[in-house]
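# here is my input, please return the structure:
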Amino acid sequence: MRVPPFGRLRPFMQLSSVFVLGMITGGMIYNAIWHASFNQLWTNNQDLQFQLQQAEEDNKTLRKYSKRQTVVKEIKLIAEEASAEKIDSINLKELLRRVSRDLEVLRGRDMFEIDSDSKLVRMLLHQKKYTVRDKEYTIQVKTMLVMEGVLQIWLEAKERLPESH
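Alright, predicted model coming up:
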């Protein structure tokens, strides 16, 4: 039995190894693109779910207090970015969702009594800690404004650094 010389197989082996490496590289690039697009889709989904939840709450409140003109019907939270820190948008949406849940008590309150409520909210949310996806954040109320049944609250959220003992 005769064994063929490997010299003839070398170009075929080089060509097939380049082909296999190209398949692996192409698969990695395709996977990276797929993950990036899926992450973008998931982020948009979270944003839309947050907007839907707020719209449903506003709709329910508007129906309930449609005859009364001087009550808080809608609560809008506006997050101000701290100058040095940038919070991930998913964490920020979840943080705003939790703060919104804490502020639900203000819906239906008289707008002319907002002065006492604003003091309550400032004391309630001053340096309050929220844990979102294994990170701790503190909240501080910067400004509150009531106009035409809409309570707008500007918040500053900062990531809380772990304390060292």
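# can you give me the strands in the chain?
Counting by DSSP state E, the chain has strands at residues 74-81, 128-132, 135-147, 150-159.
# go through those and pick out the most buried.
The highest mean neighbour count among those, using mean count of other C-beta atoms under 10 Å, belongs to strand 150-159: a mean of 18. (Glycine included, C-beta is placed from N, CA and C.)
# neighbouring strands for that strand, and are they parallel or not?
Looking at strand 150-159 with DSSP bridges, its partner strands are strand 74-81 (parallel), strand 135-147 (antiparallel).
# among those strands, which is nearest H35?
H35 lies closest to strand 135-147 among these, at 21.9 Å (C-beta to C-beta).
# where does pLDDT dip in this structure?
The model of the chain has pLDDT under 70 over residues 1, 82-85, 114-115, 117-118, 162-165.
# let's see 50
For the chain, the stretches with pLDDT under 50 are 164-165.
# longest helix of it?
Longest helix of the chain, by residue count under DSSP state H: helix 10-64.
# just how off-centre is it within its chain?
Computed by C-alpha atoms, centre = their mean, to the nearest Å, the chain-centroid distance of helix 10-64 equals 17 Å.
# show me what it packs onto, helices and strands only.
strand 74-81, helix 89-102 (3 or more C-beta pairs under 8 Å, 6 or more residues apart in numbering; DSSP states H and E).
# ok, E136 - contacts?
K129, Y130, E159, R160, P162 (C-beta atoms under 8 Å, 6 or more residues apart in numbering).
# kindly state the beta-bridge partners for it.
In this entry, E136 is beta-bridged to T131, by DSSP bridges.
# quick check: the gap between it and K142.
Remark: distance between E136 and K142 (C-beta to C-beta, to the nearest Å) = 20 Å.
# same check, this time on L95
Noted for L95: a distance of 15 Å to K142, by C-beta to C-beta.
# cool, and T43?
Using C-beta to C-beta, we find T43 at a distance of 26 Å from K142.
# next one: I90
23 Å.
# same question for L125.
Distance from L125 to K142, counting by C-beta to C-beta: 11 Å.
# who touches both of these two?
Counting by C-beta under 8 Å, 6+ apart, the residues touching both L125 and K142 are L155.
# geometric centre of this protein: which residue is closest?
The residue lying closest to the centre of the chain (C-alpha atoms, centre = their mean) is I90, at 2.3 Å.
# dump the residue contacts of the nearest residue to that one once chain neighbours are set aside.
Spatial nearest neighbour of I90, excluding adjacent residues (C-beta to C-beta, 6 or more residues apart in numbering): Q46 at 5.5 Å. By C-beta under 8 Å, 6+ apart, the contact list for Q46 reads I90, K93, E94.
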